[in-house]
Every structure is written in structure tokens, then in C-alpha cells.
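Novice: Sequence and predicted model, in that order:
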Amino acid sequence: MTELIFNQIDLTTGAGCAIAMAAALVCGAVIAVVYRLGADRPSKYMTITTLIMPAVVQTVIMLVNGSIGTGVAVAGAFSLVRFRSVPGTSRDICILFLAMASGIAAGMGYIGYGALFTIAIAAVVFIAEKIIPSETTKRTRLLRILVPEDLDYSELFNDIFSEYTTRCKLNRVKTVRMGTMFNLHYLVTLKDPSKEKEMLDKIRCRNGNLTISCGVLPAVHDEL
């Protein structure tokens, strides 16, 4: 039993191939679960990809093993995939690399090490997503305020922001309406989301009841 788990198994037999394939599928299932638990908008086809990729890579590695010509042909075929893929988030790329590494381990016959590697990395990813804070939270808002050009906006709303927010940053200033107005873009973190309207009412008294918009931030994906 120990030899089966921690040593390299013989992939020249039908039983060895079946064990490697089963291990790759199990690793793919674990990775797919981790992907869906942490994704804001989990994709159906990304889930399927992470589920079957270890088994696909395992089969390719098993067939290529010992054949230089076949390895070069497979490398050329896989290089074409890059030109047919859309940009992915850094998290998706990490998940795909994890699936590929699991498949390589299974394809080389190291079932135990592949399983341990998959479980360990999946656990690290899951725990890190829970304990590492995000730059944006449910209290974060993108606040846009329209003010007249003759109004000094640099410290106009400081007392309001100090009362209702824990963090406030002026990200951008844009002139609108032929330069007669300034559109201020703030990134704020509210102390109490239930007092959002109260904050906006006070801001309206300062900017002459001009347009104000306050909403949650759009989903931002780090692309590789």
C-alpha cells in the first residue's frame, strides 16, 4: 500500500493506467471545488476545465514518456492553444497551473505525491482567500460628485468624510460641461452603510444640489 501511494507506479500495465487516471480525476475534482468556492462568478466551463485538465495532462505525459519526437509534437500543439485563449485572471491562471502540475505528477506515476501536492496547495489557496483582506469590501463605494468650477473642492467635504467613512481617497478630477463643472471621483469606505443617504444629503448641501452618484465598485480582475 505504501509503495502504491508514495512510489512511482508502473504505467505500462492497465491497472497502473487506471489508477493514474482515477487519481488525476480526483485531483481535478478537488481543484474544481476550490475554484468554485473562491470565485466571485464561477464559470461553468472553467469548472469543467479544471475537472478534466489533470486527466488530460496525465494521459499526454504518459504517452509522451520516453519519446522525444512525440514530446516535440505535443509541445507544438499545446503552443497553439495560447492564441485561442482569452486573457484570464491571475487566480484562474493559478488554478490551471495547479491542475497541470497534478496531471504531470499522475502522468509520471507519482500518485501519492501528486495527491499530497494538490491537497496542500488547494488548502493554502482556500485559507489565503479567507484570511487575506481584499482591497475592496462590501462597505466600499465609488462616489462621484459634481461641483461648480468656482468651488474649492480640496477640503470641502473633509468633515463629512471623517464622520461617515473610515477611508477616503480622491482618485480623479474631470472637467465636464465645457469646463464649468468638476466631476470628482472618490473611493470611500463607509463606517455604516445604513447612513449612506444621510451622507449624500449633507454632500448635496455643499455642492449646490448638483448630481451625485454612489455605487459599489465594478468587479476588477487582475489579468496575466
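Specialist: Looks like it arrived, so ask away. Since the structure is predicted, the reported quantities are computational estimates derived from the model, not experimental observations.

Novice: any idea which strand is longest in the chain?
Specialist: The longest strand of the chain (DSSP state E) is strand 165-176.

Novice: Other residues contacting it?
Specialist: 139, 146, 149, 153, 161, 181-191, 199 (CB atoms under 8 Å, 6 or more residues apart in numbering). C-beta coordinates here come from the backbone N, C-alpha and C atoms, glycine included.

Novice: Point me to the residue sitting farthest from the middle of this structure.
Specialist: Asp150 (43.0 Å; CA atoms, centre = their mean).

Novice: before we move on, what SS does the residue nearest the centre of the chain have?
Specialist: For the chain, Arg91 is the residue whose C-alpha lies nearest the centre (CA atoms, centre = their mean; 3.7 Å). Secondary structure for Arg91, judged by DSSP: H, G, I helix; E, B strand; the rest coil, is helix.

Novice: Quick check, it in contact with Gly38.
Specialist: Yes. Shown here, Arg91 and Gly38 form a contact pair, counting by CB atoms under 8 Å, at 7.2 Å.

Novice: Count the residues that sit near Lys169.
Specialist: 11 (other CB atoms under 10 Å).

Novice: Just to check, Glu198 is in contact with Tyr164?
Specialist: Yes. Counting by CB under 8 Å, Glu198 touches Tyr164, with 7.4 Å between them.

Novice: neighbour-wise, which of these two wins?
Specialist: A direct count of neighbours by other CB under 10 Å for Glu198 and Tyr164 places Tyr164 higher, at 22 against 13.

Novice: separation between the more buried one and Thr140?
Specialist: Applying CB to CB, to the nearest Å, the value for Tyr164 to Thr140 is 13 Å.
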